[in-house]
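1. I need the structure of the sequence given here:
(chains A and B)
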Amino acid sequence: GENVEQHPSTLSVQEGDSAVIKCTYSDSASNYFPWYKQELGKRPQLIIDIRSNVGEKKDQRIAVTLNKTAKHFSLHITETQPEDSAVYFCAATYNAGNMLTFGGGTRLMVKP
Amino acid sequence: GAVVSQHPSWVICKSGTSVKIECRSLDFQATTMFWYRQFPKQSLMLMATSNEGSKATYEQGVEKDKFLINHASLTLSTLTVTSAHPEDSSFYICSAKTSGANVLTFGAGSRLTVL
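-> Numbers count the residues shown, from 1 in each chain, chains lettered A, B, ... in the order given. Okay, here's the model as predicted:
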């Protein structure tokens, strides 16, 4: 199966600063990489995703980059706001895209 | 957009009882549903994958007789925690997707507390 490593496990930034979360994966056949945001006690919500035929994708303050050769992908949040505080999970597909493996999560804290 | 409803959101039960959690896709046909367990401050641990009309595939270490999964229709999957014990207390989340799609839609989760 797929193995996804996520770093850091916790990240504290000042409001307005940028935050970067990095993930590596093991299965070179993986071709879909979503990022989920989970607030305390709530369901994970998809915030952005990227497919293997694209190197970068941006949606307002959120961007994701993918390096297929190195098998790593990153989430970038710019101009962070307190409401960005949550746990973020990266994931990667395996088993011909039928399954997702999640990273261990990053607890992001944005200090006002 | 796609919506998945999960019920109940919170259940407290006595040790030894069985608890059923439902996961419904409200506006799409969920050919595949996934059940996860999440401990505090930890990631989502996949328990099993269920495809409509067939037996669930359980991850290594997950007791199939303990966690019964049924996916009888394209819009409903259930997880039954049989003879629950305090160590089964956890947050259980389902997710669903349609055939050929990668995007998962998550339920809101069910917090199980076994006394």
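2. Please name the bridge partners of residue A:91.
-> Beta-bridge pairing for residue A:91 (DSSP bridges): residue A:102.
3. Look at it and report its pLDDT.
-> Looking at residue A:91, its pLDDT stands at 93.
4. which residues touch it?
-> A:4, A:33-36, A:100-103 (CB atoms under 8 Å, 6 or more residues apart in numbering or on different chains). C-beta: built from backbone N, CA, C; applies to glycine.
5. how about 6 Å then?
-> Residue A:91 makes contacts with A:34, A:100, A:102, as judged by CB atoms under 6 Å, 6 or more residues apart in numbering or on different chains.
6. among those, who's most crowded?
-> Among the contacts of residue A:91, residue A:100 has the most neighbours (other CB atoms under 10 Å in any protein chain shown), with 26 neighbours.
7. Which of the helices or strands spans that one?
-> strand A:99-102 (DSSP states H and E).
8. Tell me the neighbouring strands of whatever helix or strand comes next after that strand, and mark each as parallel or antiparallel.
-> Following strand A:99-102 in sequence order, the next helix or strand is strand A:106-111 (DSSP H and E). Strand A:106-111 has these partner strands in its sheet, going by DSSP bridges: strand A:10-14 (parallel), strand A:86-94 (antiparallel).
9. can you count the residues close to residue 62?
-> Defaulting to chain A. 16.
10. my question was about chain B
-> Neighbours of residue B:62 (other CB under 10 Å): 17.
11. Let me see the contact set for it.
-> residue B:47.
12. try it again with 7 Å
-> B:47-48 (CB atoms under 7 Å, 6 or more residues apart in numbering or on different chains).
13. Please look at residue A:63 and residue A:74 and confirm they touch.
-> No - counting by CB atoms under 7 Å, residue A:74 is not a contact partner of residue A:63; they are 8.6 Å apart.
14. And the strands in chain B?
-> Remark: strands assigned in chain B by DSSP state E are B:4-7, B:10-13, B:19-25, B:32-38, B:44-51, B:57-58, B:67-73, B:76-81, B:90-97, B:105-106, B:110-114.
15. Enumerate the residues of chain B near chain A.
-> B:43-44, B:49, B:93, B:102-104, B:106-109 (CB under 7 Å from any CB of the partner chain).
16. what bits of chain A have low per-residue confidence?
-> For chain A, no stretch has pLDDT under 70.
17. Make a PyMOL selection of the buried ones in the residues of chain B next to chain A.
-> Selection of the buried residues among the residues of chain B next to chain A in PyMOL, burial being defined by 16 or more other CB atoms under 10 Å in any protein chain shown:
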select buried, chain B and resi 43+44+49+93+102+104+106+107+109
